[in-house]
Structure formats: structure tokens, C-alpha cells
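*Asks:* take a look and give me a structure for this.
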Amino acid sequence: MRLRLATPDDIPALQILIPASVRALQKEHYSERQREGAIGSVFGVDTQLIHDGTYYVVEAADGEGMTVMAGCGGWSKRKTLYGSDSVPGKNNAWLDPATDAARIRAFFVHPDWPRRGVGSRILEACETAARAAGFTRLEMAATLPGVPLYKARGYAEVEPFDVPLANGEKLPVIRMVKALG
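*Replies:* Model prediction:
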């Protein structure tokens, strides 16, 4: 596996990976209406993360020797907690590392690559980069299937909340935090 920063050239592949991940890996936790209602707004590409240089992709060789995008995810120095370019209420104001928690954002793993360390590898890179940028705390809106990974990596659950979706559904997520040592 190779971890690297995402570039604008990755956007078409991300636009395929994210819905595929949501549809396959979140079906045990969210209904079809919740998943489909979240794709494109809550679950989608946030190009600001790519432009800020805080979004990663993991590439891996498939069984036929081809390179595939096995996962993606990032962190942010901006106030928005979740969502794509089109999520309502997006706030791109800068966070203050002295008082604010950096955001862990937009983790998705290809359906052929779950539980192979892809998410952990990206999360470690995000934590290292946020620490280097002066942040001492991290915060996220974790999807239900992601909670076990984040708990295993030292994140604590703060509170559940629902994200309203355009189709009238609500997407339950968990606010989680971690202090960086």
C-alpha cells in the first residue's frame, strides 16, 4: 500500500470510490434511504481538503497487478465537521490550533479493502500532520461503522447526533474526540 496526498486529478476516482464504499460497507448500519440521501452531500468529495493538502489516498495493487484506490480520508484546519462541497452550512473559516480541535474528515475504504489497515494508515498520517500543525486535539463526526476503528485508536465518544438529509431522512453519527500526546 502507498499513502499519498490527494490531488485534483484524483477527484473522478474519489467520486466513484465514495458511493461504492457507502453502499457496500455501511448497509449494516444505515438504511438504503439514509445511504442514498447522504451520498453527494454528507458523503462526497470536499475539494477544500484536497486544496489544503490535508486529504490522503491509499493506493494498492489488486490481484491482477493493477493499482487501485483502496481508501481515502483526511483532516482539516477548517471549522466544517463533515460533508462534501455541497453540504449545507459549510464553514471554511480557519481553526485556531491553540483553542480548537482539528477535524478528522471523510474516510472511505473501497469495498474490496476493508479491515486491511487502510483506514488506520490514513488516520495515523492525519494525526501526525495535525500534531505538526500545532493541534493538540482532534474531533470528528464518526459514522456508525467507523466507531470501532476510532475507539481502537483512542477516540472517545462524546455525543450522538443526527445529520438531516435532503430526502427527509436523518443520518445518526457520533461526535468523537482525542487528545494528541
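*Asks:* break down this structure into its strands, ranges please.
*Replies:* 2-5, 55-61, 67-76, 102-109, 137-143, 156-164, 170-179 (DSSP state E).
*Asks:* can you say which of the ones you listed is packed in most?
*Replies:* Greatest average neighbour count among the strands of the chain goes to strand 102-109 (a mean of 25), per mean count of other C-beta atoms under 10 Å. To be clear about C-beta, it is placed using only N, CA and C from the backbone, and glycine gets the same treatment.
*Asks:* sheet-wise, list the partners of that strand with their directions.
*Replies:* In the sheet, strand 102-109 lines up against strand 67-76 (antiparallel), strand 137-143 (parallel) (DSSP bridges).
*Asks:* what comes into contact with that strand?
*Replies:* Outside strand 102-109, the residues that touch it by C-beta atoms under 8 Å, 6 or more residues apart in numbering are 17-18, 21-22, 25, 43, 45-46, 49, 55, 70-82, 84, 95, 118-119, 122-123, 126, 130, 133, 135, 137-140, 146, 150.
*Asks:* quick check: mean pLDDT of that strand?
*Replies:* The predicted model assigns strand 102-109 a mean pLDDT of 97.
*Asks:* now do that strand against strand 170-179, angle only.
*Replies:* With axes from the mean of the first three to the mean of the last three C-alpha atoms, to 10 degrees applied, the angle from strand 102-109 to strand 170-179 works out at 120 degrees.
*Asks:* got the CA positions of strand 102-109 in CSV?
*Replies:* The C-alpha trace of strand 102-109 is given here as CSV (Å, rounded to 0.1, in the frame of the first residue of the first chain):
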residue,chain,number,x,y,z
ALA,A,102,-8.6,19.7,14.1
ARG,A,103,-11.2,17.8,12.3
ILE,A,104,-10.9,14.2,11.1
ARG,A,105,-12.9,14.1,7.8
ALA,A,106,-14.3,12.0,5.0
PHE,A,107,-12.8,8.5,5.5
PHE,A,108,-13.9,5.9,2.9
VAL,A,109,-12.5,2.4,2.1
